[in-house]
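K.L.:
prediction below, plus the sequence it came from.
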Amino acid sequence: MTDAIAAVGRRALEVLRILGHHATFFLDILRACPAALRRPYLVVAQVHAIGNLSLVIILASGLAVGFVLALQMYYALVTYGAAESLGLIVNLSLTRELGPVVTALLYAGRAGTSLTAEIGLMKAGEQLAAMDMMAVDPRSRVLAPRFLAGIVSMPILAILFSSIGILGAYVVAVLLIGVDAGNFWSIMQSGVDVRRDIGNGIVKSIVFGFICTFIALYQGYEAEATPEGVAHGTTRTVVISSLGVLMMDFVLTALMFSTP
Amino acid sequence: MAELAATVTVPSPSDLLVEIDHVVFGYDARRTILNDVSMTFGRGKVTAILGGSGCGKTTLLRLIGGVYPTNSGTVRVFGEAVDAHDDEQLFALRRRLGMLFQFGALFTDLSVFDNVAFPLREHTDLEEAMVRDIVLMKLNAVGLRGAAGLRISDLSGGMARRVALARAIALDPELLMYDEPFAGLDPISMSIAANLIRTLNDTTGATSILVSHDVDECFSICDYAYLMSSAGVVVAHGTPKQLAASEDPEVRQFIRGEPDGPVRFHYPARPLAEDFGVGA
């Protein structure tokens, strides 16, 4: 019995230690952000790198999701004679949920793993140590620009995902199925609230950008400096980011859309 | 510790750039890496720290750079205790150091030119034309001016080490630290690296600390050497000539590369008969 209690205590202490470590790492990055902002070209270069890494997969996935969403919604709505509302439902689904969430999941798999591997390999190759010995703080030179770039990139990618998804839905619904184009756009325009729907979607994607990039950087920076360590780090990035995004999505949705 | 240094003139404190005084250090409480280590490094000299893998040589360089605090004892660099420095003071100290890492630690996303320019761009406000001139001068000093436009992946191991050396001297540091500069190099590259270390030390007036297990190359260029054992203690120190003439069994084993002696070939293990289930 006492052994079981001791084991629980040890586990609790370990969890607290890990949480404390994350918090310290986060504060370190936050403290390094002003230095990174003083050299915006570092952040812009990372936005470009992260955006380029993820753009093709985001656009292709957005288009595919738009296609499928239009088809599924049409099959469901046509039964009730409400096919004209298809544009509105696709838009709300994409801007409120699918855009931010799917973009974040794709980002974690594409850019997040890349960030983890890059930082992990920099650590394994002693590049971070070399920087430190050159009196260059790797947190402000390497981590903070990537962290800020991730937060900036995610909403841009989510907006592109939702936009291309809506275009995909237009192609399927209007051009292929024959839903009236005027209704498709006008019902969408009248039913979508810019602040509540699009604005909250963007806020979600900023939060997801924060979560995914922070986890990717942490896993890379704390990865064991071996091939196995980097491999485990990239795996953990995908798993923890995905779970974090999905759980935070529930919390944010409850907070943002609880009132009609 | 072998008394090889008895005949060497003890330098005055002003001649010492780095002093390590009774330092004890371990990465965790379970294992002590450095055990009461004391060393001094004379200004303008090339001093080698020799020892087998895992004896704490690289750790010593990191303590000098203030990467880790000591468990006890003092590391003084430029006359100031490193442990007493805050982050800002540590970075100010490191701007006066140059370190060559074992495998170069070059930034693989930057070209050769940009790697050497990195410390200049980070720490100075020099015009790009001036940065270019300095970078080409440093690359010329290591014989790689023509390789300025190459990617890091295009370099051989020896070339990468020389580019890293050019980067380490970019800001004309007062103290240069070399972590295993000869490891994995072919004989020609090794000889080039050794000559470069000595030449750069003499022409720039810097002080060099050289960590290596390559006895011949170290002895050919260093003024003084320390020999460390796997227990993290200094077993002998003196000029290369004194160490080469030493009759101390551990010094002789290391310098002559004998497979067995005071440093055992076998890792501590249970008796052979017990492991193989033979005998009584």
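P.N.:
Yes, it's here. Numbers count the residues shown, from 1 in each chain, chains lettered A, B, ... in the order given.

K.L.:
rest of the way, CA atoms for contacts and neighbours
P.N.:
Fine.

K.L.:
confirm B:P262 sits in a strand?
P.N.:
No: if the criterion is DSSP: H, G, I helix; E, B strand; the rest coil, then B:P262 is coil and not within a strand.

K.L.:
tally of neighbours for the closest residue to it other than its chain neighbours?
P.N.:
Using CA to CA, 6 or more residues apart in numbering or on different chains and skipping residues adjacent in sequence, the residue nearest B:P262 is B:E250, 5.6 Å away. For B:E250, the count of nearby residues is 21 (other CA atoms under 10 Å in any protein chain shown).

K.L.:
equivalent analysis for A:A169, please.
P.N.:
There are 29 residues near A:A169, going by other CA under 10 Å.

K.L.:
give me the element it is part of.
P.N.:
Secondary structure from DSSP states H and E places A:A169 in helix A:144-170.

K.L.:
what packs against that helix?
P.N.:
helix A:2-37, helix A:40-78, helix A:86-92, helix A:99-107, helix A:200-221 (3 or more CA pairs under 8 Å, 6 or more residues apart in numbering or on different chains; DSSP states H and E).

K.L.:
repeat that with 6 Å
P.N.:
Secondary-structure packing of helix A:144-170 (3 or more CA pairs under 6 Å, 6 or more residues apart in numbering or on different chains; DSSP states H and E): helix A:2-37, helix A:40-78, helix A:99-107, helix A:200-221.

K.L.:
select, out of these, the one closest to B:L60.
P.N.:
Comparison of the helices and strands packed on helix A:144-170 against B:L60 by CA to CA identifies helix A:200-221 as nearest, at 23.3 Å.

K.L.:
sorry, back to before: check what pLDDT the residue nearest to B:P262 gets.
P.N.:
Note for B:E250: predicted pLDDT of 78.

K.L.:
export the helix or strand harbouring it as PDB, just CAs?
P.N.:
According to DSSP H and E, B:E250 maps onto helix B:249-256. Output in PDB follows, covering the C-alpha atoms of helix B:249-256 (Å, rounded to 0.1, in the frame of the first residue of the first chain):
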ATOM      1  CA  PRO B 249      53.700   4.200 -15.800                       C
ATOM      2  CA  GLU B 250      50.500   6.000 -16.600                       C
ATOM      3  CA  VAL B 251      52.200   8.700 -18.500                       C
ATOM      4  CA  ARG B 252      54.300   6.200 -20.400                       C
ATOM      5  CA  GLN B 253      51.300   4.100 -21.200                       C
ATOM      6  CA  PHE B 254      49.400   7.000 -22.700                       C
ATOM      7  CA  ILE B 255      52.200   8.500 -24.600                       C
ATOM      8  CA  ARG B 256      53.300   5.200 -26.100                       C
END
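
K.L.:
so which bits of that helix are buried?
P.N.:
For helix B:249-256, a neighbour-count test (16 or more other CA atoms under 10 Å in any protein chain shown) marks B:250-255 as buried.

K.L.:
give me the contact list for it.
P.N.:
B:P262 (CA atoms under 6 Å, 6 or more residues apart in numbering or on different chains).

K.L.:
that helix: what's the following helix or strand?
P.N.:
Following helix B:249-256 in sequence, per DSSP H and E, is helix B:272-276.

K.L.:
how distant is that following helix from the center of its chain?
P.N.:
41 Å (CA atoms, centre = their mean, to the nearest Å).

K.L.:
packing partners for that helix?
P.N.:
Helices and strands touching helix B:272-276, by 3+ CA pairs under 6 Å, 6+ apart: there are none.

K.L.:
I'd like the average pLDDT over it.
P.N.:
83.

K.L.:
now stretch B:254-265
P.N.:
72.

K.L.:
distance between it and the chain's centre?
P.N.:
22 Å.

K.L.:
tell me the buried residues in that stretch?
P.N.:
Residues B:254-255, B:263 are the ones in stretch B:254-265 that count as buried (16+ other CA under 10 Å).

K.L.:
and stretch B:203-215, how far apart are its ends?
P.N.:
24 Å (CA to CA, to the nearest Å).

K.L.:
could you pull out the helices for the stretch 151-280 of chain B?
P.N.:
B:157-168, B:187-204, B:215-221, B:240-244, B:249-256, B:272-276 (DSSP state H, counting those that start in this stretch).

K.L.:
give me the neighbour count for A:G81.
P.N.:
Neighbours of A:G81 (other CA under 10 Å): 10.

K.L.:
and stretch A:108-127, C-alpha only, in PDB?
P.N.:
Presented in PDB, the C-alpha positions along stretch A:108-127 are these (Å, rounded to 0.1, in the frame of the first residue of the first chain):
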ATOM      1  CA  ALA A 108       2.100  19.700 -36.800                       C
ATOM      2  CA  GLY A 109       2.800  16.900 -39.200                       C
ATOM      3  CA  ARG A 110       4.600  19.000 -41.800                       C
ATOM      4  CA  ALA A 111       6.200  22.100 -40.300                       C
ATOM      5  CA  GLY A 112       6.200  21.000 -36.600                       C
ATOM      6  CA  THR A 113       8.200  17.800 -37.300                       C
ATOM      7  CA  SER A 114      10.500  19.800 -39.500                       C
ATOM      8  CA  LEU A 115      11.100  22.300 -36.700                       C
ATOM      9  CA  THR A 116      11.700  19.600 -34.100                       C
ATOM     10  CA  ALA A 117      14.200  17.700 -36.400                       C
ATOM     11  CA  GLU A 118      16.000  20.900 -37.300                       C
ATOM     12  CA  ILE A 119      16.400  22.100 -33.700                       C
ATOM     13  CA  GLY A 120      17.300  18.500 -32.600                       C
ATOM     14  CA  LEU A 121      19.900  18.100 -35.200                       C
ATOM     15  CA  MET A 122      21.300  21.600 -34.500                       C
ATOM     16  CA  LYS A 123      21.700  20.400 -30.900                       C
ATOM     17  CA  ALA A 124      23.200  17.100 -31.900                       C
ATOM     18  CA  GLY A 125      25.600  18.800 -34.200                       C
ATOM     19  CA  GLU A 126      26.600  21.200 -31.400                       C
ATOM     20  CA  GLN A 127      25.400  24.200 -33.400                       C
END
